[in-house]
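**Student:** Quick one: sequence plus predicted model below, questions after.
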Amino acid sequence: MTKTKADISLLLISIIWGSSFALVKNVLDYIPSFAYISLRFIIASAVLVIMFRKRLGSMNRKTFLYGFILSLMLFGGVALQIVGLYYTTASNSAFITGLSVVMVPVISVYALKKKPGLNSIIGVIMAFAGLFFLSGGLSFTFNIGDFLTLLCAICFALQMIFLDKFTGEQDPMLLSILQISFIAVFSTGIWVGFEFKPFTINMALIVALIITAVFGSALAYSIQAVAQKYTTPTHAALILTAEPVFGAIFALIIPDAQGNVEILTIKKVVGCALILLGMLISEVNVGKSTLKSGTKSGEYIAISEADARE
């Protein structure tokens, strides 16, 4: 896989995840949140195990450990976001979760010794501003829900950092299988132990589970694991900020349970434009980028012309 294919793959993930917002919102009235997460990841793990069962034999203790660590970060992000939504607004949740795009380059400098290029830094700033407008602004009454959502953003940022590090040593597909399977176990435990309630099975729930489990989980997280071998965590995080852009687009098309669709506003247009502009800016000089000698196989580190002359 080339870096261009990796970028396209990550953009595809953004489209898939963006489309899932409206679908999930429509079914959470019928099913408890952790029951939904449980079923989603059980189906996803089953799909991956069936498809890649021949690779399971090459799993070792380190693969198992790395998959467990990734699952803790990813599940922490998902669970904290859900719990945080009980105490904060949807706009605050969307904006604070998006802070992970700013955290990734900062953590990368210290944890991975990867310094993002100037174009990536500008792109991150543009995307950050776009998230602010797209979320409708931020309510400045910081509460426990906002704090939990901030922890959620940290978890998502760490998952991308650890994924970048671990895929250099282990099979990305095995890591995907393990992290998704562990999340299925964690969410099922919480559902059965703390949130067990009967739920209604209908066509809307079945469709949402199929799309989010097969495409939004099994396919998307596997693509992310493979694609991140060919790009930096900062660049991957920046591309994935397109998720709320596509979420806003699909919300204009897919009606909610009452048959209503969202209304396009100037703030949303500005927010989407800034995020997309940030992504385009991050691609500047890609054709002139190269690889630093001594990096791991498949690891991409962009070096601007200014850096190369130093």
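**Tutor:** Perfect, thanks for sending it. This is a predicted model, so every value here is computed, not measured.
**Student:** any weak-confidence spans in the stretch 51-200 of the chain?
**Tutor:** For the stretch 51-200 of the chain, the stretches flagged by pLDDT under 70 are 89-91, 112, 114, 135-142.
**Student:** Apply 50 and report the result again.
**Tutor:** Applying pLDDT under 50 to the stretch 51-200 of the chain picks out no residues at all.
**Student:** Isn't residue 13 up against residue 240?
**Tutor:** Yes. When contacts are counted by Cβ atoms under 8 Å, residue 13 is listed as touching residue 240 (6.8 Å). Where you see a C-beta, it was placed from the backbone N, CA and C, and this is true even at glycine.
**Student:** Report the spatially nearest residue to residue 271, omitting neighbours in sequence.
**Tutor:** Residue nearest to residue 271 in three dimensions, not counting chain neighbours: residue 134, with 2.9 Å by Cβ to Cβ, 6 or more residues apart in numbering.
**Student:** How about residue 170?
**Tutor:** The nearest residue in space to residue 170 (Cβ to Cβ, 6+ apart) is residue 63, at 4.9 Å.
**Student:** who touches residue 109 in this structure?
**Tutor:** 115, 116 (Cβ atoms under 8 Å, 6 or more residues apart in numbering).
**Student:** And it, how far from residue 121?
**Tutor:** In this view, residue 109 and residue 121 are 11 Å apart by Cβ to Cβ, to the nearest Å.
**Student:** ok, back up a step: and the gap between the residue nearest to residue 271 and residue 24?
**Tutor:** Residue 134 is 18 Å from residue 24, by Cβ to Cβ.
**Student:** returning to that earlier point: list the contacts for the residue nearest to residue 271?
**Tutor:** 94, 244, 245, 248, 267, 268, 271, 272, 275.
**Student:** Swap in 7 Å and give it another go.
**Tutor:** 244, 248, 268, 271, 272, 275 (Cβ atoms under 7 Å, 6 or more residues apart in numbering).
**Student:** Check the residues you listed and tell me the two furthest apart.
**Tutor:** 268 and 275 (10.7 Å; Cβ to Cβ).
**Student:** Comparing the two, which residue is more hemmed in?
**Tutor:** residue 275 (29 against 22; other Cβ atoms under 10 Å).
**Student:** just checking, residue 7 touches residue 240?
**Tutor:** No. At 10.8 Å, residue 7 does not count as touching residue 240 under the criterion of Cβ atoms under 7 Å.
**Student:** tell me which element the nearest residue to residue 242 once chain neighbours are set aside falls in.
**Tutor:** Excluding the flanking residues, the one nearest residue 242 by Cβ to Cβ, 6+ apart is residue 14, at 4.0 Å. Secondary structure from DSSP states H and E places residue 14 in helix 3-27.
**Student:** re earlier: mind putting the contacts of residue 134 into TSV with pLDDT?
**Tutor:** Below are the contacts of residue 134 laid out as TSV (pLDDT from 0 to 100):
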residue	pLDDT
244	74
248	75
268	77
271	81
272	80
275	82
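**Student:** got CSV for those residues, with distance to residue 177 and secondary structure too?
**Tutor:** Output for the contacts of residue 134, formatted as CSV (distance: Cβ to Cβ, whole Å; DSSP: H, G, I helix; E, B strand; the rest coil):
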residue, distance to residue 177, secondary structure
244, 28, helix
248, 32, helix
268, 37, helix
271, 35, helix
272, 34, helix
275, 31, helix
